[in-house]
Structure formats: structure tokens, C-alpha cells
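> sequence and predicted structure are below.
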Amino acid sequence: MPTFNEAGNIHHAVEELFKHNPAVDLLIVDDDSPDGTGVLADQLASTNSRIKVMHRKEKQGLGAAYTAGFKYAFDSDYDYVVEMDADGSHRAEDLPKLLAVCESNDLVIGSRYVKGGSTENWPLHRQWLSKGGNFYAKLMLGTKLNDMTAGFRVFSVPFLKTMNLETINARGYSFQIEMAYRTIKQGGRTEEVPIVFIEREVGESKMSRAIVLEALVLMTKFGIRRLFRRN
């Protein structure tokens with residue numbers, strides 16, 4: 001669970017996680033949040049042995065935070081690792097549905113855009129941006145996945161170990177696209193499970209023009225490479 005300035009959300013997110021998933025372990029990766037999120041995370045960890053906190057010295061991007069979390073999972077001998085936001089947009093009650101099919105897959109995506117999936121309280125421009133981005137991803141990358149930008153997912157740790165994480169290009173939200181695409185290219189088994197995505201009520205979204213541009217550039221680059229390889 002990567003965090004940056006989530007002081008208003010972290011307690012509720014962790015409470016909900018263990019309410020619906022009491023047997024999981026949680027790693028909070030905090031990028032030196034100036035609002036004190038890291039301090040609150042330490043307080044939560046002091047009351048629950050299943051919670052660990054990784055403090056990083058500066059904001060280095062979502063991709064770097066998840067890569068650090070993956071390496072922690074490698075060193076700790078876990079079989080599966082979950083990506084989940086700390087802002088409440090990913091419902092903890094949906095996680096058991098993802099975990100139920102993880103044994104037969106290398107990547108399970110909590111999808112907004114398959115039958116049964118949806119979003120709540122999203123402004124129209126965010127809906128257009130998300131759906132447009134996923135349409136462009138499918139078009140450029142030639143995949144069948146409907147929600148490549150989704151950040152609620154489960155990876156098989158043995159499969160992740162076959163990837164060279166040091167070569168991951170993306171640092172923002174396009175990290176999700178690159179990881180899904182690489183999984184498919186390496187022959188990984190994937191499945192999308194419907195979830196309800198809820199817009200955050202507290203704090204500000206980390207989405208920015210720079211993050212959108214990074215994703216567009218990355219998808220276009222991968223798409224052009226795919227086209228030339230086919231020809």
C-alpha cells in the first residue's frame with residue numbers, strides 16, 4: 001500500500017482491510033509524506049504485528065514504491081503480493097474475490113470495465129480519461145484486457161521473480177500498464193475480476209498532466225515496437 005499525503009485516509013483504509021481480510025499482511029510504503037502519514041503508519045504498526053512500514057526518503061513515484069514492495073515480498077518468501085491504494089478507492093471487501101482466483105493466475109486485476117465492475121462518484125472528465133486511456137492501451141498493445149490502468153491487483157511472486165524489475169521504465173500510473181503488458185508478453189496467465197471503484201472523499205488525487213503524458217508516450221512506444229516486430 002503506497003502512501004503520500006494520505007493522513008486523512010490511512011487509518012480507515014487499514015481498518016477496512018483487516019476487517020474483510022484478517023489473514024493478510026500489510027506493507028505500507030511511505031514516501032516521506034509531509035502530512036505525517038508515515039507517523040500514523042508507524043502507530044498502526046505498533047498495534048498490529050501484521051503491519052510493516054517502509055519509509056523512503058523522498059517521493060520517487062508509484063512504480064518505484066511498488067517495486068520496493070515487490071522486493072520486500074521476495075525477501076519475505078510470500079507467494080502473492082497485492083497492490084492496493086490507501087485512499088479508499090479500492091474496497092477491501094472486493095479483495096477476497098481477487099484472492100479466490102490468484103492460484104490459477106499470474107496476474108489478477110480488479111477491473112472497473114468488465115461485467116459487474118463500476119465506478120462511483122467519478123466526475124465525467126475522469127471517466128472519459130480512464131476509459132479513453134484503456135481503449136488506447138488495448139488498441140496500441142493488442143491486448144484483451146479491459147482495465148490495464150487498474151491499480152488493484154494481485155501478482156504471483158514466483159512469476160514476478162522472472163521479471164527484470166530494474167528495466168521497468170514507468171514511474172507513475174503507467175507502471176500498471178507496463179507491468180500488465182510485460183506479464184502478457186512473458187506468457188503470464190491473467191484474469192479480470194469485477195470491482196467497484198469509489199472516488200476518494202479525503203485528500204487530492206495524484207493524477208496530473210505529466211502522469212497522463214507519460215502513459216501516452218509509453219503506450220505509443222510499445223505499440224510502435226509491436227507494429228514493427230509484426231512487419
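Structure received.
> where does this protein dip in pLDDT?
203, 205-208, 230-231 (pLDDT under 70).
> which parts of it are strands?
For the chain, the strands defined by DSSP state E cover 2-3, 26-30, 51-55, 80-83, 107-111, 118-120, 153-156, 190-194, 196-198.
> and stretch 84-92, C-alpha only, in CSV?
Extracted C-alpha coordinates of stretch 84-92, given in CSV (Å, rounded to 0.1, in the frame of the first residue of the first chain):
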residue,chain,number,x,y,z
MET,A,84,-3.9,-1.6,-3.3
ASP,A,85,-4.4,2.2,-2.9
ALA,A,86,-4.6,3.8,0.6
ASP,A,87,-7.3,6.4,-0.4
GLY,A,88,-10.3,4.1,0.0
SER,A,89,-10.9,3.8,-3.8
HIS,A,90,-10.2,0.1,-3.7
ARG,A,91,-12.8,-1.6,-1.5
ALA,A,92,-11.3,-4.1,0.9
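> how close does Asn48 get to Tyr78?
Separation of Asn48 from Tyr78 (Cβ to Cβ, to the nearest Å): 17 Å. All C-beta spots, glycine's among them, are computed from the backbone N, C-alpha and C.
> what residue is smack in the middle of this structure?
Geometric centre of the chain, nearest residue: Gly151, 2.8 Å, by Cα atoms, centre = their mean.
> may I have the residues that are in contact with that one?
Leu62, Glu83, Met84, Asp85, His90, Tyr173, Gln176 (Cβ atoms under 8 Å, 6 or more residues apart in numbering).
> could you single out the nearest of the residues you listed to Leu99?
Met84 (11.6 Å; Cβ to Cβ).
> leaving out chain neighbours, which residue sits closest to the closest one?
His90 (5.0 Å; Cβ to Cβ, 6 or more residues apart in numbering).
> output the contacts of Gly151 as JSON lines; include the columns distance to Pro96 and neighbour count.
Output for the contacts of Gly151, formatted as JSON lines (distance: Cβ to Cβ, whole Å; neighbours: other Cβ atoms under 10 Å):
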{"residue": "Leu62", "distance to Pro96": "24", "neighbour count": "24"}
{"residue": "Glu83", "distance to Pro96": "16", "neighbour count": "23"}
{"residue": "Met84", "distance to Pro96": "13", "neighbour count": "23"}
{"residue": "Asp85", "distance to Pro96": "17", "neighbour count": "19"}
{"residue": "His90", "distance to Pro96": "13", "neighbour count": "27"}
{"residue": "Tyr173", "distance to Pro96": "25", "neighbour count": "21"}
{"residue": "Gln176", "distance to Pro96": "21", "neighbour count": "24"}
